[in-house]
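Student: pasting the sequence and the predicted model now:
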Amino acid sequence: MKTTHLALLALMAGFVFDASAANRPAGYTTLCTEGKTCSVASTTNVAFGRADKFTYKQLTGSFVCSEATFGAGSKVAGGTNECSIPSTSASSSAASSAGSSSSKASSSSSSKASSSSSSSGSGLSANVTISAWPGCPAYATPSDTVPNTSTIVVPAGTTYDGGGKRFQLSNSGQSETQPPVFQLEEGATLRNAVIGDLAADGVHCVGNCTVYNVWWEDIGEDAATAKGGSGTTMRVDCGGAFLGVDKTFQHNGQGTLHISRFVADNWKNKGGKFYRSCGDCTGNKGPRTVIIENSRIHNHQTIVGVNSSYSNGSPADKATLRNLYLLRWNGEVEVCSTFAGVEKGSGSSSEKGAEWNTTTCNVAASNITAVDKTGGSKKTGIAPGNGPDPAPVNRVQESWNY
């Protein structure tokens, strides 16, 4: 994965990164300039900024191209900021600033962030597909499958490019003793790979590592596990994971697990946790840090499960969640659920309850968009937690064939 260094402003206002074009990212078209009202016909990833610095936010309908829309600190000083969208995005209109007449601009093709991906693999239903996050490579059915008899170890400081091939190892059961398909040593990178239905224990990261554009058509025990020590970071950017039963991402080490521009859908099981800080590991201790941003997560019971205390007195975990699109068609979503972490053999990790706007759960209702099924009889439930209900989350309606 190409690493992106985040400043605090990025965590507060969206995902900011350098781009190749001066006032719009590469592959983007200017929609309107700062202070004017823009409009997008469907949920679209909109960039705001100038001079190779941008803040991204998924928006629908009319909005003002301004710092107020994209968050404090998103405006780049020194000139006029612009709002831009991917060149293949839906038809849009840009109205001039207040007091002047409206003008319209449209693109020649339309797309929707939640429409089907380029093709379906064994982990994707023909009727339930989810596209890559805007700006990330699309999933494509692999033309070649690699059957492995043992774990592929990616040596320290090297990059393994899977070339879009599907990699298989062993069953997709829940055994915690099964080996990973890939093991990433210190500083290693895995990119452009598909893990099939013989997913074993997915990807293990034993130190600092990066995972870019990796797709799990099915999840075995876990899609990926961060096992690095204190001060290490496992970065996951782009790609997606499907058919999880228990956990998608597991955090057994310390350090940070940073997930961005990821899509996940447990469409068959409609349950499980997207991220879990280990509740009862050997020598279990914190703090662990998880950052999840600019991602679409469907049909998980819990988005993050973090330890707000440890039986051995270790510092509490910290979860930061920004710009997440969540759908759970048949029930309530626990956005940030806290637990009491214990060491192996000293009892069970007990759930303490959901939290909002706390040191352990750094997430506000404004960071969450609940996806409701168009015309459906149910709306996505968001667990309020132990304190006062959070302000209403953002809501959008989309058509899903669940």
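Tutor: Received, thanks.

Student: and the pLDDT for the spatially most central residue of the chain?
Tutor: Most central in the chain under CA atoms, centre = their mean is Ser295, positioned 3.0 Å from the mean C-alpha point. At Ser295, the pLDDT value in this model is 97.

Student: can you name the helix or strand that it falls in?
Tutor: strand 288-298 (DSSP states H and E).

Student: given the following helix or strand past that strand, what are its sheet partners and their directions?
Tutor: Going down the chain from strand 288-298, the next helix or strand is strand 302-310, by DSSP H and E. Strand 302-310 sits in its sheet next to strand 273-277 (parallel), strand 332-341 (parallel), going by DSSP bridges.

Student: not counting its own residues, what contacts strand 302-310?
Tutor: 272-277, 279, 284-286, 288, 290, 292, 297, 316-319, 321, 324, 326, 333-342, 349, 351-352, 355, 358, 360-361 (CB atoms under 8 Å, 6 or more residues apart in numbering). Where C-beta positions appear, they are placed from N, C-alpha and C, glycine not excepted.

Student: avg pLDDT for whichever helix or strand comes after that strand?
Tutor: Moving toward the C-terminus from strand 302-310, the next helix or strand (DSSP H and E) is strand 318-327. Strand 318-327 carries an average pLDDT of 97.

Student: isn't Thr232 up against His258?
Tutor: No - counting by CB atoms under 8 Å, Thr232 stays clear of His258, with 10.9 Å between them.

Student: give me the low-pLDDT residue ranges for this structure?
Tutor: For the chain, residues meeting the criterion pLDDT under 70 lie at 1-22, 58, 88-128, 172-176, 376-377, 387.

Student: can you list the domain ranges for it.
Tutor: 8-104, 145-398 (automatic domain parsing).

Student: just name the most buried of these.
Tutor: Of all those, domain 145-398 carries the top mean neighbour count, a mean of 20, counting by mean count of other CB atoms under 10 Å.

Student: what helix or strand is Ala68 located in?
Tutor: helix 67-70.

Student: roughly how far does the residue nearest to the centre of the chain sit from Ser42?
Tutor: 18 Å (CB to CB, to the nearest Å).

Student: about what we covered before: partners of the strand holding Ser295, with directions?
Tutor: Strand 288-298 has these strand partners (DSSP bridges): strand 255-260 (parallel), strand 263-265 (parallel), strand 318-327 (parallel).

Student: just the helices in this protein please.
Tutor: Secondary structure of the chain, counting by DSSP state H: helices at 8-13, 67-70.

Student: packing partners of the shortest one?
Tutor: Helices and strands touching helix 67-70, by 3 or more CB pairs under 8 Å, 6 or more residues apart in numbering; DSSP states H and E, are strand 37-50, strand 53-64.

Student: nearest to Gly162, of those?
Tutor: With CB to CB as the criterion, Gly162 lies closest to strand 37-50 of the helices and strands packed on helix 67-70, at 25.5 Å.

Student: gap between the closest one and the chain center?
Tutor: 19 Å (CA atoms, centre = their mean, to the nearest Å).

Student: what does stretch 299-306 give?
Tutor: 12 Å.

Student: can I assume Thr159 is in contact with Ala188?
Tutor: Yes - counting by CB under 8 Å, Thr159 touches Ala188, with 7.3 Å between them.

Student: that older thread, mind giving me JSON lines with the strands paired with strand 288-298 and columns for distance to Thr145?
Tutor: Converted to JSON lines, these look like this (distance: least, CB to CB, whole Å):
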{"stretch": "strand 255-260", "distance to Thr145": "26"}
{"stretch": "strand 263-265", "distance to Thr145": "22"}
{"stretch": "strand 318-327", "distance to Thr145": "30"}
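
Student: and those strands: which comes nearest Lys165?
Tutor: Counting by CB to CB, Lys165 lies closest to strand 263-265 out of these; the figure is 20.2 Å.

Student: contact partners of that closest one?
Tutor: 128, 130-133, 239-242, 244, 248, 274, 295-300.

Student: could you rerun that using 6 Å?
Tutor: 130, 133, 240-242, 248, 296-299 (CB atoms under 6 Å, 6 or more residues apart in numbering).

Student: same question for stretch 222-236.
Tutor: For stretch 222-236, contacts defined as CB under 6 Å, 6+ apart pick out 1, 3, 202-211, 216, 241, 247-259.

Student: so how far is the first residue of it from its last?
Tutor: 14 Å (CA to CA, to the nearest Å).

Student: same question, stretch 150-164
Tutor: Terminal-residue distance, stretch 150-164 (CA to CA): 20 Å.

Student: give me the contacts around it.
Tutor: Outside stretch 150-164, the residues within contact range by CB under 6 Å, 6+ apart are 142, 179-180, 182-193.

Student: tell me the one of those residues nearest Ser87?
Tutor: Out of these, the member with the shortest distance to Ser87 (by CB to CB) is Asn192, at 22.8 Å.

Student: which residues touch that closest one?
Tutor: Taking CB under 6 Å, 6+ apart, one finds 161-162, 164, 213 in contact with Asn192.

Student: do the same with Arg328
Tutor: 299, 380.

Student: redo that, cut-off 7 Å
Tutor: 270, 299-300, 380 (CB atoms under 7 Å, 6 or more residues apart in numbering).

Student: now swap in Cys65 and tell me
Tutor: 32-36, 38, 48, 83.
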